[in-house]
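could you work out the structure for the sequence below:
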Amino acid sequence: MKSYLIIFVSLSIILTSCQNEIKVACIGDSITKGGGKNKSSFYPVQLDSLLGDGYQVLNCGESGATMQRDGNKPYWHQKDLNNVFVYMPDIIVIMLGTNDSKTNNWNATSYERSYQSMIDTLNTMDTKPQIYLCFPPPAFSSAFSINGSTIQSGVIPIINRISKRNNLQIIDVYNGMTKMSDLFPDGIHPNEKGIKIMSEIIAKSIKN
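Numbers count the residues shown, from 1 in each chain. Sure, this is the predicted structure:
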């Protein structure tokens, strides 16, 4: 009987510990989702390690995703958005805009409208998550038709306006990595060292 009591108490402690963890969902594109076999180098995995005990991070990135509902691959239509709602996070980190900058995608009005709709949709969650908006990293090439100047002069000002309108905090990945082109092998996706730096920028904002 005593051994059963010990097991029951131990399970209760474990379950309580899991319930007390702060859950973080990372919404994004391939820069968030990562690639290859070494999953430990993916930014959400790095972020989970940097945040440490008391946090649990879920990767909800989808390669090629756009914030715009009428983009070529809207995040709105991906299973990852449903995963966010099932997960019921306490914190959400959004980093979408790189694929929106593509020549055939970019529409400033559509991007801003879709971004605001995303904020409004996420705010319907019972957990009332704290939402962080990321300036995406700079694009050092035009690979995949991504436009670096559109990210700088279009995407970032809109995210800034939305943050002020909704009283949300910005995580400035862009300016934190502007002089690190050597860490972006294809000009768009950071390598393992770049991912570590990006994760540190995000972790610092969340912890502060």
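
contacts for stretch 105-123, please.
66-72, 74-76, 84, 92, 94, 96-97, 99-100, 129, 131, 147, 150, 154-155, 158-159, 161-162, 165-166, 168 (CB atoms under 8 Å, 6 or more residues apart in numbering). C-beta coordinates here come from the backbone N, C-alpha and C atoms, glycine included.

buried set for that stretch?
Across stretch 105-123, burial judged by 16 or more other CB atoms under 10 Å covers 105-106, 110-115, 118-119, 122.

what pairs with residue 27 across the strands?
Counting by DSSP bridges, residue 27 forms beta bridges with residue 60, residue 94.

can you get me a residue count around it?
28 (other CB atoms under 10 Å).

now do it, the pLDDT please.
At residue 27, the pLDDT value in this model is 98.

cool, and the one 4 residues further on?
Reported pLDDT at residue 31 in the predicted model: 97.

contacting residues for it?
43, 61, 95, 98, 136-137, 188-190, 198.

now with 7 Å, please.
The contact partners of residue 31, by CB atoms under 7 Å, 6 or more residues apart in numbering, come to 95, 98, 136-137, 189.

count of neighbours near residue 26?
28.

actually residue 39, not the one I wrote
11.

look up the closest residue to it, ignoring the ones flanking it.
The spatially closest residue to residue 39, leaving aside those adjacent along the chain, is residue 45, at 5.8 Å (CB to CB, 6 or more residues apart in numbering).

assumed that neighbour was part of a helix.
Yes. Applying DSSP: H, G, I helix; E, B strand; the rest coil, one finds residue 45 inside a helix.

all strands for this structure, in order.
22-28, 55-61, 91-95, 130-135, 169-172 (DSSP state E).

would you format those as JSON lines with distance to residue 208 included?
As requested, the strands of the chain are arranged in JSON lines below (distance: least, CB to CB, whole Å):
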{"stretch": "strand 22-28", "distance to residue 208": "14"}
{"stretch": "strand 55-61", "distance to residue 208": "14"}
{"stretch": "strand 91-95", "distance to residue 208": "13"}
{"stretch": "strand 130-135", "distance to residue 208": "11"}
{"stretch": "strand 169-172", "distance to residue 208": "9"}
